[in-house]
Structure formats: C-alpha cells, structure tokens
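S.K.: Build the 3D model from these lines:
(one chain, ligands or ions: 1)
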Amino acid sequence: AECDHYAADITRTFPVSGQFNEPQKQLYQLVLDAQYAAIAEIKPGTPWNIAHEASVSVLTKGLVKLGLLKGRTAKLIKDEAYKAFYMHRIGHWLGMDVHDVGDYKINDEWRLLEPGMVLTIEPGLYIPSDCATVDEQWRGIGIRIEDDVLVTEDGHEILTSLVPKSVEAIEALMQAA
Ligand SMILES: [Mn+2]
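M.R.: From the prediction side, this is the model:
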C-alpha cells in the first residue's frame, strides 16, 4: 500500500480453511511471539541487528520446544540451524520505496536506530513440504507476519497496528469474510 508517495509493506498469514489447525496455530503463535520480541527492541540507539537476533532467539527456542529442531538452543543459534525454516532477515528500511535506500552498516558496524527511521519487522517460518527431519504435521506450513515500525524519541510506534494479527483476530476476520 502507498499513501502520499510513501510505501507500506504489510504481511498477514491466514488459514485457507478459516480456522487454524493445531500445528498451524502453534507455529503462527511462535512467529507472532518472535515478532513482538523483535518490535520490543526498536528504540533509538539500538543497533539494527538486535531485533533480528531477538527473533532468532525466540524462533529457535520455540522450534526446539515444538520438536522441529533438536539440541541445545545456544548451539543451534550458533550453527544457524534455524535457517532451514527462517532463511531471511527481520526486515528492511521503508520510505518512498518499499525496500528503501539506506545503509544497514556504517564502517562495518550495525547502524544505530534514530527517531524518524521506519523499518519493517517481518519474521517468518517456512516448513518445506518435503522436510523429512520434522514430523508430518508441520510440513508445508508457511507463516510471515510483517508490520511497519517507526522509531520514536522514546521507543517505537507500530504504524500498521490496526491490521488484525492475533490468532483470534485472524479467525474472526475469516469468519466475517
Ligand atoms: Mn517487507
């Protein structure tokens, strides 16, 4: 979506049936928890990569808990085991272009967030339909949740907060449609 020449980038994921089945619901809630953890890190002075690392931590812990990854969380994060299911980064600059210009690192250091910057926060999980290392119930499920976040003087504002996002809100929207 665009407004007054500024771009937005929003993703929601919904179950085709209108209701999440149990594995879908568990993975959806995990991605949502990771998204909230990442958004919570957005404030002036925080390096760009911290929100991504927060999402990796929550997703890896959750994948272990649900049995999709096996091993110690710290080692799985170090070995980037999560990349089998979460193979992109947390988001991108947003402005007059949807993937807007702007450096992510300056002199090889992650850039610090400043008031007025706008970025997307969009963790996801994608379980290949032929993934033999996970139980059958997880295969073929793909979820991404993306919001647009403004860095403010004292934290952040979620610009896309009116778009339904919780499991209950998504199911209610599907029933209404
Ligand atoms: Mn995006």
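S.K.: so how far is T11 from I143?
M.R.: I143 sits 9 Å away from T11, going by CB to CB, to the nearest Å. (Each C-beta comes from the backbone N, C-alpha and C, glycine too.)
S.K.: Nearest to the ion within this structure, name that residue for me.
M.R.: D9 (3.9 Å; CB to the ion).
S.K.: Now do the contacts for that residue.
M.R.: 92, 94, 98, 120, 122, 146, 148 (CB atoms under 8 Å, 6 or more residues apart in numbering).
S.K.: Do you know the pLDDT at it?
M.R.: We have a pLDDT of 98 for D9.
S.K.: State the distance from it to K70.
M.R.: The spacing between D9 and K70, counted by CB to CB, is 34 Å.
S.K.: and what of G124?
M.R.: For G124 relative to K70 (CB to CB), the value is 21 Å.
S.K.: Which of these two has more residues huddled nearby?
M.R.: Using other CB atoms under 10 Å, the more surrounded residue of G124 and K70 is G124, with 22 against 10.
S.K.: Number of residues surrounding the residue lying closest to that one once chain neighbours are set aside?
M.R.: Distances taken as CB to CB, 6 or more residues apart in numbering place R144 nearest to G124, at 3.5 Å, with adjacent residues excluded. R144 has 16 neighbours, counted by other CB under 10 Å.
S.K.: shouldn't R144 be in contact with G91?
M.R.: No. Assessed by CB atoms under 8 Å, R144 is found out of contact with G91, at 10.7 Å.
S.K.: Could you tell me which residues touch both of these two?
M.R.: Joint contacts of R144 and G91 (CB under 8 Å, 6+ apart) are E122.
S.K.: in the protein, which spans are strands?
M.R.: 2-3, 6-7, 105-106, 109-110, 118-121, 124-126, 142-144, 147-152, 155-158 (DSSP state E).
S.K.: Mind telling me which residue is nearest the centre of this protein?
M.R.: Central residue of the chain (CA atoms, centre = their mean): P123, 1.8 Å from the mean position.
S.K.: Look up phi and psi at the residue in the chain sticking out farthest from the centre.
M.R.: Going by CA atoms, centre = their mean, the residue of the chain most distant from its centre is N107, 26.8 Å out. Per-residue torsions, N107: phi 50, psi 40 (degrees, to the nearest 10).
S.K.: separation between H88 and T120?
M.R.: From H88 to T120 the distance is 11 Å (CB to CB).
S.K.: Please read the previous query as pertaining to A54.
M.R.: From A54 to T120 the distance is 15 Å (CB to CB).
S.K.: got a pLDDT number for the closest residue to A40 other than its chain neighbours?
M.R.: Counting by CB to CB, 6+ apart, A40 lies nearest to A54, which is 7.2 Å off, once chain neighbours are set aside. We note a pLDDT of 98 for A54 in this prediction.
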